[in-house]
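Novice: what follows is a protein structure lacking sequence information:
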């Protein structure tokens, strides 16, 4: 129940506050993906179901119908595959998988949205969103995940 409330809260913050600062809105830092990767690091494959739920909730709250429903589970599953192949879990392995998942989701969302719509975006805002996601993931690792290991 607590995780459900967290997912709904993060979707609300991501769709109402962060999309104001980042144009276009789907480039905004993905707080939900950070929470999903944290869940995947701790519990494993059941985080994919949360990714499907969170992605569909994000699609309902934004105008990117189907984008998050497809890319959130893909990014989480990629993270899980990377962490299952590595025999030891450290900060570096967590950040490698998380950074790759963030990058894949951002690039694929840009490609899909560029095919469907014409818009202009700033490379600086894309890099800033990736940096913010990595900083939040690092803070979550040291504040929460390090105690779980």
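Specialist: Sure, I can see it. Since we're looking at a predicted model, the values are computed, not measured. Numbering: from 1, shown residues only.

Novice: list the residues that contact the residue nearest the centre of the chain.
Specialist: Centroid check for the chain by Cα atoms, centre = their mean gives residue 33 as the closest residue, at 2.2 Å. Taking Cβ atoms under 8 Å, 6 or more residues apart in numbering as the contact definition, residue 33 lies against 72, 75, 76, 101, 102, 105, 133. No exception for glycine: its C-beta is placed from N, CA and C like everyone else's.

Novice: make JSON lines from the residues you listed and add pLDDT to it.
Specialist: Shown next, in JSON lines, are these (pLDDT from 0 to 100):
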{"residue": "72", "pLDDT": "93"}
{"residue": "75", "pLDDT": "95"}
{"residue": "76", "pLDDT": "95"}
{"residue": "101", "pLDDT": "94"}
{"residue": "102", "pLDDT": "95"}
{"residue": "105", "pLDDT": "93"}
{"residue": "133", "pLDDT": "93"}
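
Novice: out of the residues you listed, which are buried?
Specialist: Neighbour counting by 16 or more other Cβ atoms under 10 Å classes 72, 75, 76, 101, 102, 105, 133 among those as buried.
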